[in-house]
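Peer 1: how would this look folded up:
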Amino acid sequence: MKENRFLPALLVIALTGAIVELDMSVPGFPDIARALHASESTVQLTVTYNFLGYCLGALVHGPLSDRFGRRAVMLAGNTVMLVGALGCAVAPGMGFLLASRFVQGVGASTSVVLVFVIIADVYDGPRMLRMFGLTNAAMSALMTAAPALGGVVNRAIGWRGTYAVVCGITLLALVLLALFLPETGNGRGKAAGARAVAADCRRLLSSGEFLAASLVPSLLFAAYMVFIAASAFLYTDRFGLSTLGFAAHLLVVVASFAVTSLCAGRLTALLGGPERTVTCAIAATVTGAALFLLAGDGPVATTGSLVVFCVGFATVYPVVFGRSLQVFPELRGAASSLTMSGRALLVTLFTGAASALFTGDPVVTAGVMAAATATAAPLAFVGTRGRRAAGTGEPGAVSGRGPS
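Peer 2: Numbers count the residues shown, from 1 in each chain. Predicted coordinates for the structure are as follows:
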């Protein structure tokens, strides 16, 4: 089958609205409170409702795509997101805004779950790793740019404008998906009842290899988010940097992840294959977390430690996440759903613990990061002996067919 050369760009466009929709809204929170006569705590609930919708949506999009096809679920989910974004832009009161944020979260999770599944449907081997790396780099860049973009839009046209921009991005993505997204799944026509979905989930959750491959990138992402959540307090309050100085250090950290993600496929080849890559990359994440814990009481030492951690994380991510989608190739959608929902839960637990324990001392943040990294490290090697014996770097065969 002829491969769609525009598919990578289409997938990145599909992710854009989903990635920026939360962070773009944050700079407008004070204006929302004034305009809708709401308290600060009530406005912050827009994040909670959005996150709840995301978690619930992520659980169902994958299994539905295994049964009805990726294309149909992508179009339906992005339509839901468009409705939610439009509702936010025209919300007459806080109740309507909160409901719209929930709907928006349900829709936003669609692309985050299914883009990786579509990549695994279409690409295999080194090309799949390169695509995962490209997608991770794009997501990292979008997450970094979103707050600044939201601030500019909010200042220019108000808080409703930030939601309107997301609405426009989502509409563009939906039109392009409707015109150009091919069907890449092969599960259409299967039963779609709750029992069938539950059976698929039980099958995945009973596999130790899937659980390990799903947990490793999720735990490392949770560790990364623990640092991100505390970074402003550490660099400005503890280390005494200006806001500009903090932004510069954070840019270095984020860039280390993004640049490494772009080069992940080449790094895997240079390191001698997936298994050697996992060994080297996990060593880097453990080293980075340990350096932060032992010597991270200063801006340069902290940034340097996080760069080492991020290089390891970005390198290992596509390899191990790819495993999670290949243990049961016919259940890639359900696998991605479980992974993304579990990731959201782990981020909540670890950032919540770090926040509750935080005293301003970087050792607390570093300790929680180290705990997540130490948990992930041994899981990265679950099942590798069987793959070596079988003479392959990854379990299962990913279909190399291109979209028609």
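Peer 1: can you pull out the low-pLDDT segments for this protein?
Peer 2: Counting by pLDDT under 70, the low-confidence segments of the chain come to 1-4, 186-194, 384-404.
Peer 1: immediately after the longest helix along it, which helix or strand?
Peer 2: Secondary structure assigned by DSSP state H gives helix 125-157 as the longest helix of the chain. For helix 125-157, the succeeding helix or strand toward the C-terminus, using DSSP states H and E, is helix 159-180.
Peer 1: still on that earlier bit, what residues sit buried inside the longest helix of the chain?
Peer 2: Neighbour-count burial for helix 125-157, counted by 16 or more other C-beta atoms under 10 Å, picks out 125-126, 128-144, 146-147, 149-150, 153-154. In this view, the C-beta of every residue, glycine as well, is placed from N, C-alpha and C.
Peer 1: what is it packed up against?
Peer 2: The elements that helix 125-157 packs onto, with contact taken as 3 or more C-beta pairs under 8 Å, 6 or more residues apart in numbering; DSSP states H and E, are helix 7-23, helix 94-122, helix 159-180, helix 243-262, helix 264-270, helix 299-326.
Peer 1: tell me the helix or strand right after the last one.
Peer 2: To tie it back to what came earlier, the one meant is helix 299-326. Next along the chain after helix 299-326, taking DSSP H and E as the criterion, comes helix 332-357.
Peer 1: next: the first one.
Peer 2: Past helix 7-23, heading to the C-terminal end, the next element that is a helix or strand (DSSP H and E) is helix 29-35.
Peer 1: buried ones in that next one, by neighbour count?
Peer 2: Residues of helix 29-35 classed as buried by neighbour count (16+ other C-beta under 10 Å): 29, 31-33.
Peer 1: what's that helix packed up against?
Peer 2: Using 3+ C-beta pairs under 8 Å, 6+ apart: helix 29-35 touches helix 40-68, helix 159-180.
Peer 1: looking at those helices, spot the one closest to Leu251.
Peer 2: If you check each of these against Leu251 by C-beta to C-beta, helix 159-180 wins as the nearest, at 22.1 Å.
Peer 1: between the longest helix of the chain and helix 159-180, how big is the angle?
Peer 2: For helix 125-157 against helix 159-180, the angle between stretch directions is 150 degrees (axes from the mean of the first three to the mean of the last three C-alpha atoms, to 10 degrees).
Peer 1: from the middle of its chain, how far away would helix 125-157 be?
Peer 2: Centroid separation between helix 125-157 and its chain, computed with C-alpha atoms, centre = their mean, to the nearest Å, is 10 Å.
Peer 1: give me phi/psi at the nearest residue to Ser207 once chain neighbours are set aside?
Peer 2: Distances taken as C-beta to C-beta, 6 or more residues apart in numbering put Val327 closest to Ser207, at 5.8 Å, once the chain neighbours are dropped. Main-chain torsions, Val327, degrees, to the nearest 10: phi -60, psi -50.
Peer 1: my guess is Val327 contacts Ala213, does it?
Peer 2: Yes. Checked against C-beta atoms under 8 Å, the pair Val327 and Ala213 is within contact range at 6.7 Å.
Peer 1: higher neighbour count, these two?
Peer 2: Between Val327 and Ala213, counting by other C-beta atoms under 10 Å, Ala213 is the more crowded of the two (28 against 23).
Peer 1: need the contact list for that one.
Peer 2: With contacts defined as C-beta atoms under 8 Å, 6 or more residues apart in numbering, the neighbours of Ala213 are 320-321, 323-324, 327, 382-383.
Peer 1: just send these back as a markdown table, with distance to Arg71 too.
Peer 2: Supplementary listing: the contacts of Ala213 in a markdown table, determined by distance: C-beta to C-beta, whole Å:
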| residue | distance to Arg71 |
| --- | --- |
| Val320 | 27 |
| Phe321 | 22 |
| Arg323 | 25 |
| Ser324 | 22 |
| Val327 | 24 |
| Val382 | 33 |
| Gly383 | 32 |
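Peer 1: and which of the residues you listed is nearest to Gly312?
Peer 2: Sorting the contacts of Ala213 by how near they are to Gly312, with C-beta to C-beta, puts Val320 at the top with 11.6 Å.
Peer 1: what sits closest to the closest one if chain neighbours are left out?
Peer 2: Spatial nearest neighbour of Val320, chain neighbours left out: Val216 (4.6 Å); criterion: C-beta to C-beta, 6+ apart.
Peer 1: neighbours around that neighbour, how many?
Peer 2: Neighbourhood size, Val216 [other C-beta under 10 Å]: 29.
Peer 1: mind telling me what element it is part of?
Peer 2: Judged by DSSP H and E, Val216 forms part of helix 208-232.
Peer 1: now that helix against helix 299-326, angle please.
Peer 2: Compare the direction of helix 208-232 with that of helix 299-326 by the same axes, to 10 degrees and you get 150 degrees.
Peer 1: which positions in helix 208-232 come out as buried?
Peer 2: Neighbour counts over helix 208-232 (16+ other C-beta under 10 Å) mark 209-231 as buried.
Peer 1: same check, this time on stretch 109-128
Peer 2: Within stretch 109-128, the residues scored as buried using 16+ other C-beta under 10 Å are 109-126, 128.
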